[in-house]
Structure formats: C-alpha cells, structure tokens
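K.L.:
got a sequence here, can you build the structure:
(one chain, ligands or ions: 1)
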Amino acid sequence: MQGRVLIIAGSDSGGGAGIQADIKAVTALGGHAATALAALTAQNTLGVHGVMPVPVPFLRQQMAVVLDDIGADALKTGMLATAEIIDAVADEISARAPGCALVVDPVMVAKGGHRLLEESATAALIRRLLPLATVLTPNLPEAEVLLGRAIDGENGLEAAGRALLDLGPRAVLMKGGHLPGDTVTDVLVTADGVTRWPAPRLHTRATHGTGCTLASAVACGLAQGLDLVAAVERARAYVRLAMRTAPGLGHGHGPLNHAC
Ligand code: PLP
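P.N.:
Numbers count the residues shown, from 1 in each chain. Next up is the predicted model:
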C-alpha cells in the first residue's frame with residue numbers, strides 16, 4: 001500500500017526542515033505526500049530569517065481540496081505559527097478527516113532560537129490538536145512548554161510522556177536527543193505500555209529537520225498500515241541513516257540526506 005499522507009506544516013526555503021523534509025521523507029519511504037502550507041519561512045542552515053503565515057482561508061482551501069479529492073490515510077502537522085491557524089486545522093480535520101491517523105509534531109522554536117509558533121498559541125495546540133492526535137512527537141523543550149514544568153533525566157522522559165497522555169493524544173513519542181550523554185533514548189508511551197529505543201548519539205552538525213523527518217516518516221508508516229511501534233522503528237532507522245550520510249551543505253546545521 002502506497003499510503004497517502006497530508007502534511008500540514010511550514011516551508012523551509014533551505015530545504016532542510018519543514019514541508020521540504022516532510023515531502024522527501026514520505027517520498028523516500030514509498031508514500032504519496034500531499035501538502036497544505038501553513039506558513040512560509042525564509043531560511044537557510046544558519047537560521048530563520050523571516051516568517052510569513054499563510055492566510056487562514058487559503059490554508060483551509062488547501063486542506064479541503066486535497067481531502068475531498070485525493071483523501072488521506074494519515075495526517076501530519078508541523079509548524080502552524082498561530083492560534084488562528086491551529087483552530088482552522090483542527091476544524092478541517094474534524095470536519096473532513098475525523099478519525100484519520102494524525103501525527104502532531106508540536107513545533108515551537110527553531111534550533112537557532114527563532115519562534116515558529118506564537119507563544120500565545122500553546123494553549124490552542126493543547127486544547128484543539130492534542131486530543132485529535134494518534135501520536136504526539138515532542139522534543140524535550142517542547143514537552144516542557146506543554147507541561148509547564150522542567151523534565152529531569154531519562155526517567156523524567158517517561159513520566160512526562162505519561163503526563164502528556166492525559167492531555168488527549170493516544171500515544172506520545174518523547175525524543176531524548178536534548179538530554180546529555182552518549183546514549184540517546186526515544187521513549188514511546190501509550191496506555192498499553194512503554195517502548196524505549198536507546199542508541200549511540202550521532203555526532204554531526206546535520207541535525208536540521210530531524211524532528212520533521214521523524215514525524216513524517218512515522219505518519220507514512222501509519223498510512224501504509226504499519227502499527228505504531230513498527231512505524232516508529234522504521235522512522236528512527238531512516239532518520240539515523242539520513243543523518244549519518246548527510247551531504248554537509250551550508251555553513252550551519254545542514255540538511256539530512258533523503259536519497260539514502
Ligand atoms: N523550519 C520549519 C518550517 C520547521 O517546521 C522546523 C521544525 O519543525 C524548523 C524550521 C526547525 O528545524 P530545526 O529545529 O531542526 O532547525
């Protein structure tokens with residue numbers, strides 16, 4: 001099964017993160033990537049230089065025409081920029097794709113520090129999107145913002161995942177890359193239990209777009225009929241290979257290799 005994934009996210013003009021990474025990951029894994037652009041960024045490997053949210057009616061139109069014709073086996077959200085956009089996305093999903101598998105990557109701040117989600121929009125993300133999510137994929141800083149408290153160490157990751165489950169997603173994939181140490185552990189928490197993936201840290205500057213890529217690869221797996229654990233396993237292997245073979249472009253945090 002090819003798997004149709006509708007990605008609702010922001011554009012990275014540098015081709016490292018955002019919708020560009022999403023399309024490349026889904027395509028490389030054999031899926032069909034459709035897109036609804038929520039925001040544009042002027043961006044390179046050194047950082048985000050400008051952000052332009054897409055007018056809400058046009059974002060709605062992109063989602064509507066894709067869902068009404070092509071349909072989707074899974075949805076993925078990334079950078080959504082504003083509370084108004086989050087409300088519109090939640091409305092469209094509820095109206096046109098209720099019950100569809102949904103991967104929510106709660107994108108908030110780029111590695112360089114530029115905000116990709118207005119601070120005031122966190123409440124909308126929690127209230128409108130988390131309850132619709134099949135799986136939420138926060139990194140450590142994002143989980144801390146969503147929970148409103150600090151997370152301490154690897155045991156803290158699992159506890160945070162459980163606390164985030166209470167906000168409505170059916171599963172939480174806590175990404176451990178921001179914790180110190182030579183081993184990076186991602187932790188999947190569901191009502192049925194916990195799965196851990198410890199792995200040696202990859203020492204590379206090519207980390208730009210890893211979160212977008214992972215979330216889209218998971219969405220693609222779900223769209224293709226994999227169960228969540230299998231989808232995460234394949235997605236992690238894909239991201240790690242794409243990091244290890246990254247082309248070394250630009251002067252900052254470079255893009256991954258999606259032709260691996
Ligand atoms: N730009 C866009 C459009 C994104 O969606 C994201 C992350 O999700 C980023 C930039 C930030 O990527 P990173 O934090 O990997 O630099």
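
K.L.:
when you work out contacts or count neighbours from here on, use the C-alpha atoms and nothing else.
P.N.:
Noted.

K.L.:
residues from the stretch 101-250 of the chain in reach of the ligand?
P.N.:
Contact residues, the stretch 101-250 of the chain versus the ligand (C-alpha under 6 Å from any ligand atom): Val107, Ala110, Lys111, Thr207, His208, Gly209, Thr210, Gly211, Cys212.

K.L.:
taking the residues you listed together, which two end up most distant?
P.N.:
Val107 and Thr207 (14.9 Å; C-alpha to C-alpha).

K.L.:
out of the residues of the stretch 101-250 of the chain next to the ligand, which are buried?
P.N.:
Neighbour-count burial (16 or more other C-alpha atoms under 10 Å) is assigned, among those, to Val107, Ala110, Thr207, His208, Gly209, Thr210, Gly211, Cys212.

K.L.:
ranges for the strands of this structure?
P.N.:
4-12, 32-44, 47-53, 74-77, 101-104, 135-136, 171-174, 183-190, 193-200 (DSSP state E).

K.L.:
by pLDDT, give me the weakest of the residues of the stretch 101-250 of the chain next to the ligand.
P.N.:
Least confident entry in these, by pLDDT: Lys111, with 85.

K.L.:
how about the contacts made by that one?
P.N.:
Lys111 makes contact with Gly47, His208 under the criterion C-alpha atoms under 8 Å, 6 or more residues apart in numbering.

K.L.:
point out where the chain drops to low pLDDT.
P.N.:
By pLDDT under 70, the chain contains no weakly predicted segment.

K.L.:
how about 80 then?
P.N.:
1, 260 (pLDDT under 80).

K.L.:
show me the helices in it, by range?
P.N.:
18-28, 56-69, 83-96, 122-124, 140-147, 153-165, 210-223, 228-244 (DSSP state H).

K.L.:
what residues of the fifth one count as buried?
P.N.:
So the one you mean is helix 140-147. Across helix 140-147, burial judged by 16+ other C-alpha under 10 Å covers Leu140, Glu142, Ala143, Leu146, Leu147.

K.L.:
cool, and the last one?
P.N.:
Residues of helix 228-244 classed as buried by neighbour count (16+ other C-alpha under 10 Å): Leu228, Ala231, Val232, Arg234, Ala235, Arg236, Tyr238, Val239, Arg240, Ala242, Met243, Arg244.

K.L.:
and those residues, which is closest to Leu102?
P.N.:
Closest to Leu102, out of all of these and judged by C-alpha to C-alpha, is Leu228, at 11.4 Å.

K.L.:
enumerate every residue touching that closest one.
P.N.:
Contacts of Leu228 by C-alpha under 8 Å, 6+ apart are Val218, Gly221, Leu222.

K.L.:
returning to that earlier point: specify which member of the buried residues of helix 140-147 is nearest to the ligand.
P.N.:
Of all the buried residues of helix 140-147, the ligand sits closest to Glu142, with 11.0 Å by C-alpha to the nearest ligand atom.

K.L.:
tell me the spacing between that closest one and Ala159.
P.N.:
Using C-alpha to C-alpha, to the nearest Å, Glu142 is found at 15 Å from Ala159.
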